[in-house]
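Participant: no FASTA, just this:
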């Protein structure tokens, strides 16, 4: 317990009370936790300000609507992983390259599933890794299919920091690449997140026709030459479409 942040522990102690109780008063929380009144008051006020707790006109507290948002995000992402995994395995077997599944996390993309390729030398990617939306085919497949206003606002406010030798650093070029990817329905990258690597990605849509995730195949540049790109592109697009249909698209 000593290694844990005491403020976080106290906040979780309060929130855990609501696992079995719909509503609680301030005095209820003080009695149930045995924490000092001033500590509970400050903590509850902070949780209310952040949206984790809601207070009604009678002064009773309940879990805030923010938890619905988090819960829906977790549910959606778990559903996507479950649905996508067998399709990802099939894709890996077809193309013999690593396959990644990513979702948007704010202004970043997060890898939530990965199927390794069969080659001895492997890419430096892992579940939980993050990358900016502008860099790499998989992340950019999400940026490409965001609503245009949202996409343009992202480009306007974002500094294009180089990650590898091929990272796009010019905003006009990024806009051009996004437009081309939108027309083509897929995204290609070379040496954007790691030198001498390439990736091809396609968007995954949900039942509301909104971008839900991105799927990519990735490997070393030598295996992504022009003569093989059409085959790889078709395979990843078909996989993305299959997942999208299972999500209700």
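Facilitator: Structure's in. What do you need? Worth saying up front: this structure is predicted, and the values here are computed from it rather than measured.
Participant: stretch 42-50: how far from the chain's middle?
Facilitator: Per Cα atoms, centre = their mean, to the nearest Å, the displacement of stretch 42-50 from the mean C-alpha position of its chain is 27 Å.
Participant: and if you look at stretch 198-216?
Facilitator: Offset of stretch 198-216 from its chain centre (Cα atoms, centre = their mean): 11 Å.
Participant: same question, stretch 40-48
Facilitator: Remark: stretch 40-48 is offset 30 Å from the chain centroid, using Cα atoms, centre = their mean.
Participant: which elements pack onto the helix or strand bottoming out on mean pLDDT in the chain?
Facilitator: In the chain, no helix or strand scores lower on mean pLDDT, DSSP states H and E than helix 66-95, which sits at a mean of 86. Under the contact criterion of 3 or more Cβ pairs under 8 Å, 6 or more residues apart in numbering; DSSP states H and E, helix 66-95 touches strand 98-105, strand 108-115, strand 211-220, helix 229-246. Any C-beta I mention is one placed from the backbone N, CA and C, and that applies to glycine too.
Participant: what residues of it count as buried?
Facilitator: 67, 77, 80-81, 83-84, 87-88, 90-92, 94-95 (16 or more other Cβ atoms under 10 Å).
Participant: show me what contacts residue 24?
Facilitator: 17-18, 32, 60-62 (Cβ atoms under 8 Å, 6 or more residues apart in numbering).
Participant: could you list the domains of this protein?
Facilitator: Domain assignment for the chain, taken from automatic domain parsing, gives 6-64, 71-246.
Participant: thinking again about what came up before, let's have the helices and strands packed on helix 66-95 in TSV, adding distance to residue 203, mean neighbour count and mean pLDDT.
Facilitator: TSV is the format used below for the helices and strands packed on helix 66-95 (distance: least, Cβ to Cβ, whole Å; neighbours: other Cβ atoms under 10 Å; pLDDT from 0 to 100):
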stretch	distance to residue 203	mean neighbour count	mean pLDDT
strand 98-105	11	23	94
strand 108-115	12	20	92
strand 211-220	5	25	95
helix 229-246	6	18	96
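Participant: residue 44 is nearest to which of those?
Facilitator: strand 98-105 (28.2 Å; Cβ to Cβ).
Participant: so what are the sheet partners of that closest one and their directions?
Facilitator: Strand 98-105 has its sheet partners listed here by DSSP bridges as strand 108-115 (antiparallel), strand 211-220 (antiparallel).
Participant: identify whichever of those lies nearest to residue 173.
Facilitator: Closest among the strands paired with strand 98-105, using Cβ to Cβ: strand 108-115, at 19.3 Å.
Participant: buried deepest among the domains of the chain, which one?
Facilitator: domain 71-246 (a mean of 18; mean count of other Cβ atoms under 10 Å).
Participant: starting at the chain centroid, how far to it?
Facilitator: Centroid separation for domain 71-246 versus its chain: 11 Å, with Cα atoms, centre = their mean.
Participant: quick check: end-to-end length of that domain?
Facilitator: 21 Å (Cα to Cα, to the nearest Å).
Participant: hmm, back to that, and the contacts of residue 24, which two are the farthest apart?
Facilitator: Taking Cβ to Cβ as the measure, those span a maximum distance of 14.9 Å, between 32 and 62.
Participant: quick one: low-confidence ranges for this protein?
Facilitator: 1-4, 75, 78, 119-124 (pLDDT under 70).
Participant: still on that earlier bit, and residue 186, which of the strands paired with strand 98-105 is closest to it?
Facilitator: Ranking the strands paired with strand 98-105 by proximity to residue 186 (Cβ to Cβ) places strand 211-220 first, at 9.5 Å.
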